[in-house]
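Student: Show me the folded form of this:
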Amino acid sequence: MKNTKIILTEKEIPEYYLNISYYLKKYLGKLPDPPLNPTTKQPVNPSDLSVIFPMELIKQEVSLEEKITIPEEVRHFYKLYRPTPLIRAYQLEKFLNTPAHIYYKYEGVSPTGSHKLNTAIAQAYYNKKEGIKTLTTETGAGQWGSALALAANLFGLKLIVFMVKVSFEQKPFRKIVMQIYGAEVFPSPSDKTEFGKKILKMNKNHSGSLGIAISEALETVVKNKNFKYSLGSVLNHVLLHQTIIGLEAKKQMEKAGEYPDVVIGCVGGGSNFAGIAFPFIVDKLKGKNVRFIAVEPESCPSLTKGKYKYDFGDTAQMTPLLKMYTLGSDFVPLPIHAGGLRYHGMAPLISFLYYEKLIEAVAYDQKTIFQAGIDFAKTEGIIPAPESCHAIKSAIDEAIKAKKEGRKKVILFNLSGHGLLDLNGYNKFLHN
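Tutor: Numbering: from 1, shown residues only. As a prediction, the model looks like this:
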C-alpha cells in the first residue's frame with residue numbers, strides 16, 4: 001500500500017500566492033465586474049477602501065500580477081503548521097466500496113483548527129507594517145475570529161470581534177479561544193454600535209447574521225482612529241492568500257502520482273474553496289479536463305438559488321457594491337450549525353467562475369451533511385467541522401457515482417477544519 005499521508009518539508013512551503021485574476025485575463029480575456037461606489041456607481045478607487053484596509057491589501061485586491069510574493073515574516077509563522085498534510089482516505093474508500101481514490105487536504109492541523117489562519121497571518125502582517133494598532137472583524141462559527149485573534153497577538157495588535165449571536169451561543173468555546181489569544185468578543189447584533197442597537201430595538205432576540213456582524217465591525221472602524229477592518233472571506237485578497245492550500249496540494253498530488261478528476265470544497269464566502277481550487281482552475285483554463293464542485297447549505301444557497309447582480313456585502317449597506325450571487329443583503333439564514341457558511345453572498349471571483357460555467361455548485365441539508373461527517377469520523381478518525389462536512393458529502397456522492405459507473409475517479413477535497421469545538425451540533429444530530 002502506498003503512503004496514506006503525503007507530506008512536504010518546510011522548505012516546500014510556497015514562496016508566493018497564485019493570482020487567479022492574471023489567468024482569467026490571459027485565457028478568458030475578461031475579469032469579474034469591479035466593485036462599485038454605492039453613491040457614484042463608479043468603480044471604487046483605492047481611496048474609497050483606504051479607510052478600512054491597509055494599502056498593500058488594496059493593491060492585492062486589484063492586482064493582475066501572476067504571483068504575489070509571500071513575505072518572509074508571514075512564511076515564518078506559516079511554519080507553525082504548514083505544509084499541511086494531504087491524506088488518502090483509504091478507510092473511507094473501503095467503507096464506500098468504491099474504485100475512486102479519495103484525497104483530502106487537511107487544514108485542521110493549524111493551531112486554531114481551520115484554514116482561516118492562512119489569511120489571518122498575512123492580514124495582520126500588512127496591518128502591522130502600516131502602523132495599525134487595532135483590528136475589527138466579524139466571525140460566524142468563530143473559526144475566522146480565532147485565527148485572527150492568534151494572528152493579531154503574534155504581531156502585537158488588538159482585536160475586536162463581532163460574533164454572530166447564534167454561533168456565540170452555540171459555540172461558547174470559540175469565544176474562549178479568542179479571549180485566550182487576547183481578543184474582545186461581542187455577540188452580534190450588539191449594543192456596542194448604532195446599527196446593532198437598531199437591530200436589537202426591532203428584535204431583541206435577533207439570531208444575527210454575518211452581514212450584520214460585518215456592519216458592526218465596519219462602523220467601529222469608521223468611528224475610531226488607527227483602526228482597520230479585516231475580512232475572513234469573499235474579497236480577492238483573502239482568496240489570494242488561501243491559494244497556498246492548492247499550491248501545496250498540487251505538489252502533493254504529483255508526489256502521489258495522480259491528478260484529480262474533481263476538486264471539491266464547501267462555500268460560504270468562498271475562501272477555502274478558492275484555496276484548494278484556484279491553482280487547479282489554472283490548469284482547466286489551459287485546457288485540462290477537471291471538474292470543480294462548490295458545496296453550500298440548502299438554508300443559505302447563494303450560488304444555487306441566488307441572483308447574479310450587484311449587492312452590498314453587509315446588512316447596513318456600508319460596503320462597496322459587489323457583483324456576486326446573492327440572496328439579498330438583508331437575508332438572515334436559518335441558525336444552522338455550519339455558521340461559517342451563513343453568508344448571503346458569494347465571493348465575486350467564485351461567482352464569476354460559476355457564471356462562466358467553469359465550476360459547479362450543489363446544496364445539501366443539515367442532517368445529510370452531519371451523517372456524512374459521522375461516516376467520515378468513523379472511517380478516517382477526524383471529526384470534521386460542520387462546514388467541511390458539506391465537502392465530505394459531495395466527495396462521498398462522487399465516489400458512489402464512480403462505483404455505479406465502474407470506473408476509477410480521483411477525488412480531491414479540502415477538509416477545511418476539525419469539529420472538536422462543534423460537538424453541540426453533532427450532539428443534537430445524534431440525539432434528536
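Student: residues touching the nearest residue in space to Glu130 that is not next to it in sequence, list them.
Tutor: Nearest-residue entry for Glu130: Pro54, 4.1 Å, with adjacent residues in sequence omitted and distances by Cβ to Cβ, 6 or more residues apart in numbering. (Each C-beta comes from the backbone N, C-alpha and C, glycine too.) Counting by Cβ atoms under 8 Å, 6 or more residues apart in numbering, Pro54 makes contact with 126-127, 129-130, 132, 228.
Student: rerun at 10 Å
Tutor: Neighbouring residues of Pro54 by Cβ atoms under 10 Å, 6 or more residues apart in numbering: 60, 123, 125-132, 228, 230.
Student: List just the nearest of the residues you listed to Pro32.
Tutor: Proximity of the contacts of Pro54 to Pro32 (Cβ to Cβ) peaks at Gln60, which lies at 15.1 Å.
Student: Just the ones in helices from the contacts of Pro54, please.
Tutor: 60, 123, 125-129 (DSSP state H).
Student: most surrounded residue in these?
Tutor: In terms of neighbours by other Cβ atoms under 10 Å, the ones in helices among the contacts of Pro54 top out with Gln123 at 31 neighbours.
Student: nearest residue to that residue other than its sequence neighbours?
Tutor: Beyond its immediate neighbours in the sequence, the residue positioned closest to Gln123 (Cβ to Cβ, 6+ apart) is Ser230, lying 4.9 Å away.
Student: so what's that neighbour up against?
Tutor: If you count contacts by Cβ under 10 Å, 6+ apart, Ser230 has them with 52-54, 57, 119-120, 123-124, 126-127, 132, 135-138, 144, 148, 151-152, 157, 159, 161, 217, 221, 238.
Student: Take those and keep only those in helices.
Tutor: Per DSSP H, these map to helices at 57, 119-120, 123-124, 126-127, 144, 148, 151-152, 217, 221, 238.
Student: Correct me if wrong: Ile369 contacts Lys393.
Tutor: Yes. At 5.0 Å, Ile369 and Lys393 qualify as touching, with contact defined as Cβ atoms under 10 Å.
Student: isn't Glu254 right up against Pro260?
Tutor: No. Counting by Cβ under 10 Å, Glu254 stays clear of Pro260, with 11.4 Å between them.
Student: So between these two, which is more surrounded?
Tutor: Shown here are Glu254 and Pro260; by other Cβ under 10 Å, Pro260 has more neighbours (23 against 11).
Student: any idea whether the closest residue to that one other than its chain neighbours is helix, strand or coil?
Tutor: In space, and not counting its chain neighbours, Pro260 is closest to Leu412: 3.9 Å by Cβ to Cβ, 6+ apart. Per DSSP: H, G, I helix; E, B strand; the rest coil, the secondary structure class of Leu412 is strand.
Student: Tell me, how many residues neighbour Leu412?
Tutor: Neighbours of Leu412 (other Cβ under 10 Å): 29.
Student: So which of Ile369 and Lys393 has more stuff around it?
Tutor: Neighbour totals were compared for Ile369 and Lys393, and Ile369 leads with 29 against 25 (other Cβ under 10 Å).
Student: Provide a list of residues in contact with that one.
Tutor: Contacts for Ile369 were tallied using Cβ under 10 Å, 6+ apart; they are 266, 295, 297-298, 336-338, 341, 384, 386-394, 429.
Student: Check Met253 too.
Tutor: 6, 86, 103, 105, 246, 259-260, 263, 280, 410, 412.
Student: Let me know the distance separating it from Gly270.
Tutor: Distance of Met253 to Gly270, computed by Cβ to Cβ, to the nearest Å: 22 Å.
Student: do the same with Gly156
Tutor: Relative to Gly270, and taking Cβ to Cβ, Gly156 is found at 30 Å.
Student: if you count what's nearby, which of these two comes out ahead?
Tutor: Gly270 (33 against 10).
Student: was I right about that one contacting Leu231?
Tutor: No. Under the criterion of Cβ under 10 Å, Gly270 is not in contact with Leu231, lying 11.6 Å apart.
Student: Give me the common contacts of the two.
Tutor: Shared contacts of Gly270 and Leu231, counting by Cβ under 10 Å, 6+ apart, come down to Val238.
Student: Relative to the whole chain's centre, how far out is stretch 76-90?
Tutor: Remark: stretch 76-90 is offset 17 Å from the chain centroid, using Cα atoms, centre = their mean, to the nearest Å.
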